[in-house]
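S.K.: compute the structure for the input listed below.
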Amino acid sequence: MKTIEEFMQSYFAEWTELNYIQEANSEAFLERFVSITYLHKTREERNKDTLYRQMHPAVILSVENKGETTEAIVSQPLGCEHELRLYHLRLTKYGWKIERKGWQCYFCKGSGRRDEDRCSSCDGVGWRYYGASDRK
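M.R.: Reported below is the predicted structural model:
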């Protein structure tokens, strides 16, 4: 059975490969529907993002067991910078599985507070969840 760190590294490697495939598959679409100027700018941005991801891969900052789940905080590339991501994982009979994903709240920078008040963007928890994730 893989460790959480091994599982997460596999996840990031396959996620990166999936992004490369999606970018390659979108070329024909972009060529059909956008101007040459827009296309060149898009390629330029993608190339910068790709180089950044290659030079600065995701880094697992911490792993903490929370009873039935385990949390991993990761510094992950987004464009040409990194952002903090929070992964909630559960060990199943098939190995580790991601249950929820979130990112550090942009407004309070993870503190849960804005101007002495609870951050309304993240409800004071410091993280925002997306996709199939909720705030449990």
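
S.K.: what helix or strand is residue 45 on?
M.R.: Counting by DSSP states H and E, the element that carries residue 45 is helix 36-55.

S.K.: which strands and helices sit next to the longest helix along the chain?
M.R.: Identified as the longest helix of the chain according to DSSP state H is helix 4-33. Here helix 4-33 touches helix 36-55, strand 59-66, strand 69-78, strand 81-92, strand 95-104, going by 3 or more C-beta pairs under 8 Å, 6 or more residues apart in numbering; DSSP states H and E. For glycine as for every other residue, the C-beta is placed from the backbone atoms N, C-alpha and C.

S.K.: for residue 16, find the nearest of the ones you listed.
M.R.: helix 36-55 (6.4 Å; C-beta to C-beta).

S.K.: if I look at residue 129, how far off is residue 111?
M.R.: 17 Å (C-beta to C-beta, to the nearest Å).

S.K.: could the helices and strands packed on helix 4-33 go into CSV alongside mean neighbour count?
M.R.: Below are these laid out as CSV (neighbours: other C-beta atoms under 10 Å):
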stretch, mean neighbour count
helix 36-55, 12
strand 59-66, 12
strand 69-78, 18
strand 81-92, 16
strand 95-104, 17
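
S.K.: could the ones you listed go into JSON lines alongside mean pLDDT and distance to residue 123?
M.R.: Shown next, in JSON lines, are the helices and strands packed on helix 4-33 (pLDDT from 0 to 100; distance: least, C-beta to C-beta, whole Å):
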{"stretch": "helix 36-55", "mean pLDDT": "91", "distance to residue 123": "31"}
{"stretch": "strand 59-66", "mean pLDDT": "93", "distance to residue 123": "18"}
{"stretch": "strand 69-78", "mean pLDDT": "92", "distance to residue 123": "17"}
{"stretch": "strand 81-92", "mean pLDDT": "92", "distance to residue 123": "14"}
{"stretch": "strand 95-104", "mean pLDDT": "93", "distance to residue 123": "12"}
